[in-house]
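Undergrad: okay, predicted coordinates and the sequence, questions at the end:
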Amino acid sequence: MLDVVLLGVLVTAIAIGFGLGYRQALRRPDPAPPAASPTLSRDYFIGLNYLLNEQPDEAINTFIQALDVNSDTVDTHIALGKLFRTRGEADKAVNIHQNLLARPALSVVQNEQVQLELARNFMALGVHDRARRLLYQIEEQSQQESHRVAAIRLLVDLFEREQDWQAALDVTWPLLSQQTDMKRPAAHWQCELARQDRDEASRPLAQRRLKKALQLDPQCVRASLMLADLALDNGRYATAIARLGHIADQEAAYIPTMLPALQHAYLCNHDDAGYERHLLTLLDIAHYTSVIVNLGELAHQRDGVDTAIALTGERLGISPSLGGLDYLLDLYIESQRLSGRETPDSRLRLLKHHTRALLDDRPRYRCEHCGFSGATLVWQCPSCRHWGSVKPIIGVEGE
Ligand SMILES: [Zn+2]
């Protein structure tokens with residue numbers, strides 16, 4: 001498909017050049033017969049010949065040679081390099097863009113455009129040091145704000161790939177007041193650094209970084225979760241509960257993610273009643289399966305399995321889900337076992353086998369930006385590289 005696009009661009013570009021040359025020749029007062037450059041027309045027809053013989057690579061090379069570099073064709077050359085990079089041939093893109101840089105016809109603005117493309121090519125090839133040098137040069141010297149911003153964003157991409165979170169923060173810092181969309185990634189870089197600090201047993205430093213993350217992005221659920229974890233480690237259960245409670249206001253979709261920590265905090269605080277009250281407030285926000293199951297377990301332990309079945313069945317009636325059905329089957333099997341009615345060929349066990357198999361086969365998290373799905377929660381989508389876009393799946397097959 002890209003070959004077709006590439007060839008389309010080339011043939012069109014050369015045909016336009018050919019046509020313009022022909023029209024200019026027509027306008028000339030010189031009575032001599034109009035004719036385009038013999039070299040251009042020869043290369044053009046050689047290229048077409050390759051195309052007709054189904055030799056697209058040779059056709060593309062011939063068309064590129066036929067297209068002179070001048071101020072009118074610079075954009076076409078830049079676009080051609082991009083197309084090569086998009087189809088995985090970044091080395092050819094480097095050749096085209098380096099060839100452009102060697103031409104004196106380029107203006108300062110065009111020169112920077114080509115340098116940005118060249119940096120993208122080097123990143124695609126994994127030659128990070130050359131990309132970094134070009135990008136820092138543009139970031140420091142360019143008079144064009146858009147070029148400086150583009151260079152900084154590419155540097156951020158590069159530092160993220162190298163997991164150099166501090167460098168990403170440093171290079172983005174001057175931009176944060178204008179480029180507000182960078183605040184969410186910056187909050188996650190602080191979280192990444194806090195994770196390193198925590199692993200190196202520097203918890204006060206980790207805490208300071210997490211608070212900075214929340215200043216950058218007050219909706220950063222990850223920072224709240226990590227602050228709650230630090231509080232739990234220090235035995236400050238009430239603080240942990242408050243931090244986790246804040247998550248429902250930040251992003252309700254993450255309520256199922258924080259439930260294990262919330263349960264742990266209330267359990268350590270010996271406050272089952274408080275946990276149940278907290279779960280009921282969460283149920284008012286959304287009927288997530290995890291909340292219904294946790295409430296069912298509390299009822300099971302306190303009032304017995306039949307009460308748990310009645311309560312869980314009622315709540316799942318409002319918000320049916322495969323996970324809820326799976327839990328309800330557990331309760332029914334337990335009820336049968338207690339009443340001595342269970343037999344080895346129980347139909348409930350067969351149903352349970354099916355719900356379990358269906359659940360095991362389902363992803364639990366999905367990126368709301370690109371649709372990537374997986375079994376574990378990641379803070380940066382591995383597919384589209386957005387931060388904080390992977391969330392628990394909500395609905396019949398999820399929460
Ligand atoms: Zn994604």
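TA: On my side now, so go ahead. Residues are numbered from 1 along each chain as shown.

Undergrad: can you give me the strands for the protein?
TA: With strands called from DSSP state E, the chain shows them at 365-367, 373-374, 390-392.

Undergrad: which one of the ones you listed lies nearest to the ion?
TA: Among the strands of the chain, strand 365-367 comes nearest to the ion, with 3.1 Å by CB to the ion. Bear in mind the C-beta positions are built from the backbone N, C-alpha and C, glycine included.

Undergrad: next, residue 202: phi, psi?
TA: phi -110, psi 70 (degrees, to the nearest 10).

Undergrad: which residues of the protein lie near the ion?
TA: Within the chain, the positions near the ion by CB under 5 Å from the ion are 367, 369-370, 372, 381, 383-384.

Undergrad: now these in a markdown table, please, with extra columns for neighbour count.
TA: Putting the residues of the chain next to the ion into a markdown table (neighbours: other CB atoms under 10 Å) gives the following:
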| residue | neighbour count |
| --- | --- |
| 367 | 21 |
| 369 | 15 |
| 370 | 15 |
| 372 | 18 |
| 381 | 21 |
| 383 | 15 |
| 384 | 13 |
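
Undergrad: and those residues as a markdown table, adding pLDDT?
TA: As requested, the residues of the chain next to the ion are exported to a markdown table (pLDDT from 0 to 100):
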| residue | pLDDT |
| --- | --- |
| 367 | 96 |
| 369 | 94 |
| 370 | 95 |
| 372 | 94 |
| 381 | 96 |
| 383 | 94 |
| 384 | 94 |
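
Undergrad: which one of those residues is nearest to residue 314?
TA: Using CB to CB, residue 367 is the member of the residues of the chain next to the ion that sits closest to residue 314, with 33.5 Å.

Undergrad: how about the closest one: what's its closest non-neighbour residue?
TA: Spatially, and ignoring its direct neighbours in sequence, residue 367 is nearest to residue 381 (4.3 Å; CB to CB, 6 or more residues apart in numbering).

Undergrad: right, and that neighbour touches residue 372 too?
TA: Yes: using CB atoms under 8 Å, residue 381 is in contact with residue 372, at 5.4 Å.

Undergrad: now the common contact residues for the two.
TA: Here residue 381 and residue 372 share the contacting residues residue 390, scored by CB atoms under 8 Å, 6 or more residues apart in numbering.

Undergrad: what about the helices in the stretch 101-250 of the chain?
TA: 108-125, 128-141, 145-161, 165-172, 183-199, 203-216, 221-233, 237-250 (DSSP state H, counting those that start in this stretch).

Undergrad: dump those helices into CSV; add mean pLDDT and distance to residue 86 as well.
TA: As requested, the helices of the stretch 101-250 of the chain are arranged in CSV below (pLDDT from 0 to 100; distance: least, CB to CB, whole Å):
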stretch, mean pLDDT, distance to residue 86
helix 108-125, 94, 9
helix 128-141, 94, 17
helix 145-161, 95, 16
helix 165-172, 96, 25
helix 183-199, 95, 24
helix 203-216, 95, 33
helix 221-233, 96, 32
helix 237-250, 95, 37
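
Undergrad: got those as a markdown table, with distance to residue 92 and mean neighbour count columns?
TA: Below are the helices of the stretch 101-250 of the chain laid out as a markdown table (distance: least, CB to CB, whole Å; neighbours: other CB atoms under 10 Å):
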| stretch | distance to residue 92 | mean neighbour count |
| --- | --- | --- |
| helix 108-125 | 9 | 20 |
| helix 128-141 | 17 | 17 |
| helix 145-161 | 20 | 18 |
| helix 165-172 | 29 | 19 |
| helix 183-199 | 32 | 21 |
| helix 203-216 | 40 | 18 |
| helix 221-233 | 40 | 22 |
| helix 237-250 | 46 | 19 |
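
Undergrad: now for those, which one comes closest to residue 317?
TA: helix 237-250 (23.2 Å).

Undergrad: contact partners of that closest one?
TA: With CB under 8 Å, 6+ apart as the test, helix 237-250 has contacts from 218-221, 224-225, 227-229, 231-232, 254-255, 257-258, 261-262, 265-266, 268-269, 274, 278, 281-282, 285.

Undergrad: how far does that helix sit from its chain's centre?
TA: On the basis of CA atoms, centre = their mean, to the nearest Å, helix 237-250 sits 26 Å off its chain's mean C-alpha point.

Undergrad: what angle do it and helix 221-233 make?
TA: Helix 237-250 and helix 221-233 are oriented at 170 degrees to each other (axes from the mean of the first three to the mean of the last three CA atoms, to 10 degrees).

Undergrad: and stretch 323-331, which residues are buried?
TA: Residues of stretch 323-331 classed as buried: 323-331 (neighbour count, 16 or more other CB atoms under 10 Å).

Undergrad: ok, of these, which one's closest to residue 75?
TA: Nearest member of those to residue 75, counting by CB to CB, is residue 323, at 53.5 Å.

Undergrad: okay, now the domains of the protein?
TA: 2-167, 363-399 (automatic domain parsing).

Undergrad: in terms of mean pLDDT, which of these ranks lowest?
TA: Here the lowest mean pLDDT among these goes to domain 2-167, at a mean of 77.

Undergrad: how near is residue 50 to residue 96?
TA: In this view, residue 50 and residue 96 are 18 Å apart by CB to CB, to the nearest Å.

Undergrad: these two - which one has more neighbours?
TA: Neighbour totals were compared for residue 50 and residue 96, and residue 96 leads with 23 against 19 (other CB atoms under 10 Å).

Undergrad: run a quick neighbour tally on the closest residue to the more buried one other than its chain neighbours.
TA: In space, residue 96 comes closest to residue 81 once its chain neighbours are excluded; the distance is 4.1 Å by CB to CB, 6+ apart. With neighbours defined by other CB under 10 Å, the count for residue 81 comes to 27.

Undergrad: residue 81 against residue 121, yeah?
TA: Yes: look at residue 81 against residue 121 with CB under 8 Å: they come within range, at 7.1 Å.

Undergrad: I appreciate the help and will end here.
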